[in-house]
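S.K.: Below is the structure, and that's it, no one-letter string:
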Ligand code: FRU
């Protein structure tokens, strides 16, 4: 080790100690060359190693966004569920910290949420500082048993967590009762918990004054898609952007997929919530994402004023095949954080999802293409793109009968195609012919989508092993994984009676560098 490296290592050790991460130095000093592994996303969060699923405990406190997640600290398949932890200043550059809430002797730690208990209603606070409180589901570790809701708290701004000694705080004697989302309901000055009775396809609402004693208030469901168990509910209020003064509540839950090709699991109801129970204004839910890989999304708690009101992140994977994904030494990726808004559109409320604004900071080397048609097809990234993430923004005029296809092609002929046909009024995502590690990976998803006065607006983020599309300003979104052979892909566009009006391509700078961590 040369002197410079030694000095660097000493500084890192000191910093880790100062940050109160001493207990996990072994973990902190393991260096995994993150950015150069095959399929390693460059602008999406992935754990350095091991298995990850749902985002958990999303909370903002004191300048830091916390992202906890379902994590197996011992392997690259689901198991030993604990809350992994990462922090960020901007929701893009993440620093992974040691496991925050570890599995216990008898229970593992399933999904849940976290809040800043500003008024110290729980009494966990110390030294006048508000505690951060996590509410999670404890799942029996060995064999069947009851799922219960439990608390853990942090008095150092989210770095270290203690399980509450009088857990559980909610036990209704049910085997599938999970994924509590808690928020402060100011009009009634109490906490609300939204939690799923998964097998019954029912969401229950509870309230509490101190996060420890919960009273049942109402329920919602079954409704909409009841084909799979209901998991990971979320509930938040948004202004209706194009109806000044109007606000509505959005209730989301994920429906676990049983067969491929039915899209990501989230469904969304828009309606009213009175602090006790939710009533949908429209019995037909909106599908949250047309892709196969968007699950268990959740919203950040306690976001700072001045930014978007609701920001979410989802697990960019699918239970049907996630455990077989050909990545190593990690498995599982988060989608990009999305900012949400609500509009009254085509006779109903529509939830819009766009990538967070900070993504623009990563853009480099813009290439602007003027208007063009490409009846024979045109390569946009002709040299196989490898190792880099890209963003493509385009406006494509399709009129009444035009169509286009954007193809992410691989060496071996396997491709993911996004397309639109004005004649049918439908947007399509085609990932058939991809079967390599799971038959369930093949999919073909279609959704109706009106044009914007004859045009389709498209924002595409391609990141080594995923593609995300935000269409018509986020009216429709697509999140899908792909595993092009040798990690190399090309991007092409083909127009039919249509025309690309404007297109810009960027490379996106990698987020793989140190992003700091909060101080105690
Ligand atoms: C959703 C889910 C949750 C559960 C967690 C377990 O993906 O099944 O319902 O809490 O994963 O890891």
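M.R.: Great, that's in hand. Everything numeric in this text was worked out from a predicted model, so none of it was measured. Numbers count the residues shown, from 1 in each chain.

S.K.: Show the model's pLDDT score for the residue of the stretch 351-500 of the chain found nearest the ligand.
M.R.: For the stretch 351-500 of the chain, the residue positioned closest to the ligand under Cβ to the nearest ligand atom is residue 479, at a distance of 14.7 Å. Where you see a C-beta, it was placed from the backbone N, CA and C, and this is true even at glycine. As summarised for this prediction, residue 479 has a pLDDT of 97.

S.K.: Same question for the one 5 residues further on.
M.R.: According to the prediction, residue 484 has pLDDT 90.

S.K.: Give me the sheet partners of the strand or helix carrying the residue of the stretch 351-500 of the chain closest to the ligand and which way each runs.
M.R.: Under the criterion DSSP states H and E, the helix or strand holding residue 479 is strand 476-481. As defined by DSSP bridges, the strand partners of strand 476-481 come to strand 466-471 (antiparallel).

S.K.: isn't residue 228 right up against residue 255?
M.R.: Yes. Under the criterion of Cβ atoms under 8 Å, residue 228 lies in contact with residue 255, with a separation of 4.7 Å.

S.K.: near the ligand, which residues of this protein show up?
M.R.: Taking Cβ under 6 Å from any ligand atom as the contact definition, the chain meets the ligand at 53-54, 70, 81, 110-111, 137, 178-179, 231-232, 295-296.

S.K.: what about 5 Å?
M.R.: Listed as neighbours of the ligand in the chain under the rule Cβ under 5 Å from any ligand atom: 54, 70, 81, 110, 111, 178, 179, 231, 296.

S.K.: so what sits against both of residue 228 and residue 255?
M.R.: Residues touching both residue 228 and residue 255 comprise residue 265, with contact defined as Cβ atoms under 8 Å, 6 or more residues apart in numbering.

S.K.: Out of those two, name the residue with the larger neighbour count.
M.R.: Per other Cβ atoms under 10 Å, whichever of residue 228 and residue 255 has more neighbours is residue 255, with 24 against 17.

S.K.: Now the phi/psi pair for that one, please.
M.R.: Backbone torsions of residue 255, given as degrees, to the nearest 10, read phi -110, psi 120.

S.K.: per-domain residue ranges of the chain.
M.R.: Domain assignment of the chain by automatic domain parsing yields the ranges 50-322+333-355, 363-512.

S.K.: ok, and which of these has the densest surroundings?
M.R.: With neighbours taken as mean count of other Cβ atoms under 10 Å, those reach their highest mean count in domain 50-322+333-355, at a mean of 20.

S.K.: Where does the prediction get shaky in the stretch 1-150 of the chain?
M.R.: Of all residues in the stretch 1-150 of the chain, those with pLDDT under 70 make up the ranges 1-35.

S.K.: could you redo the last one with a cut-off of 50?
M.R.: Within the stretch 1-150 of the chain, the ranges that satisfy pLDDT under 50 run 1-32.

S.K.: What ranges does it have for its helices?
M.R.: Assignment of helices within the stretch 1-150 of the chain using DSSP state H, counting those that start in this stretch yields the ranges 3-18, 25-29.

S.K.: One more: the stretch 151-300 of the chain?
M.R.: Listed in chain order, the stretch 151-300 of the chain contains no helices at all (DSSP H, counting those that start in this stretch).

S.K.: By proximity to the ligand, which residue of it wins?
M.R.: For the stretch 151-300 of the chain, the residue closest to the ligand is residue 231, as judged by Cβ to the nearest ligand atom, at 3.5 Å.

S.K.: ok, now which ones touch the closest residue in space to that residue that isn't next to it in sequence?
M.R.: Nearest non-adjacent residue to residue 231, counting by Cβ to Cβ, 6 or more residues apart in numbering: residue 254, 4.9 Å away. Contacts for residue 254 (Cβ under 8 Å, 6+ apart) come out as 230, 231, 232, 265, 266, 267, 295, 296, 297.
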